[in-house]
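>>> Sequence first, then the predicted structure:
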Amino acid sequence: MAVSLLSSRLLLLAICLARVAAQIASVHEGCIHMPIIHSTNPQYLDKRAVSVELSNRSDIAYYAKLTIGNPGQSVLVQLDTGSFELWVNPDCTNLSPANARFCQTVGFYDTTKSSTAVPLGTSRTLNYGIGSANISYFTDDIALPGS
């Protein structure tokens, strides 16, 4: 599922889950259960809507709540099975009013407010048919709900 680009300045956060998984496994053996949140954007569901491939749709998304950093920042992250990377909004500035409301709703992650954020020193621009995204890679701690 493609990530909807809310602005040209998105942060790509590559988080190593192995450390978290090891911590969880050592404390609680068994399955991790977390709620999946279904979201639709009704503004796309009007008479002007057209049928498109699922991979091109921007009106449906699935999210999971994570806490990132120390102290923890609660964010909803979009589940994307087409990537090993975790996309997180870095801020909600320079957005249209509708996109700013969406960004505030799902939350955003500020690396400067986390004592455990480590920049990997890698930045690049990803180009898409609908625009581009300037990304930076970081590692940080994450927590799953109930862990």
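Noted; the coordinates are in hand.

>>> Can you give me the distance of N134 to S123?
Using C-beta to C-beta, to the nearest Å, one gets 7 Å for the distance from N134 to S123. C-beta here means a position set from N, CA and C on the backbone, and glycine is covered the same way.

>>> same thing with R101?
28 Å.

>>> returning to that earlier point: N134 and S123 - which one has more neighbours?
In terms of neighbours (other C-beta atoms under 10 Å), N134 is the more surrounded of N134 and S123; the figures are 15 against 12.

>>> what helix or strand is that one on?
Counting by DSSP states H and E, the element that carries N134 is strand 131-139.

>>> Show me what counts as buried in that strand.
A133, I135, S136, Y137, F138 (16 or more other C-beta atoms under 10 Å).

>>> and if you look at stretch 97-115?
For stretch 97-115, a neighbour-count test (16+ other C-beta under 10 Å) marks N99, F102, C103, V106, G107, Y109, T111, S114 as buried.

>>> Now do the strand of greatest length in the chain, average pLDDT.
With residue count as the measure and DSSP state E as the assignment, the chain has strand 118-128 as its longest strand. Averaging pLDDT along strand 118-128 yields 88.

>>> which residues of the protein score low on pLDDT?
Along the chain, the parts satisfying pLDDT under 70 run over 1-34, 40-60, 81, 145-147.

>>> Can you show me the strands along it?
Counting by DSSP E, residue ranges of the strands within the chain are 11-13, 37-40, 60-68, 73-78, 86-88, 118-128, 131-139, 142-143.

>>> For D140, grab the count of nearby residues.
The tally of other residues near D140 (other C-beta under 10 Å) stands at 22.

>>> Please look at it and G69 and confirm they touch.
Yes: between D140 and G69 a contact is recorded at 5.1 Å, counting by C-beta atoms under 8 Å.

>>> Name the residues contacting each of these two.
Among the neighbours of D140, those also in contact with G69 (C-beta atoms under 8 Å, 6 or more residues apart in numbering) are T111, S114, T116, A117.

>>> farthest pair in these?
Based on C-beta to C-beta, the longest span within the shared contacts of D140 and G69 runs between T111 and T116 and measures 9.8 Å.
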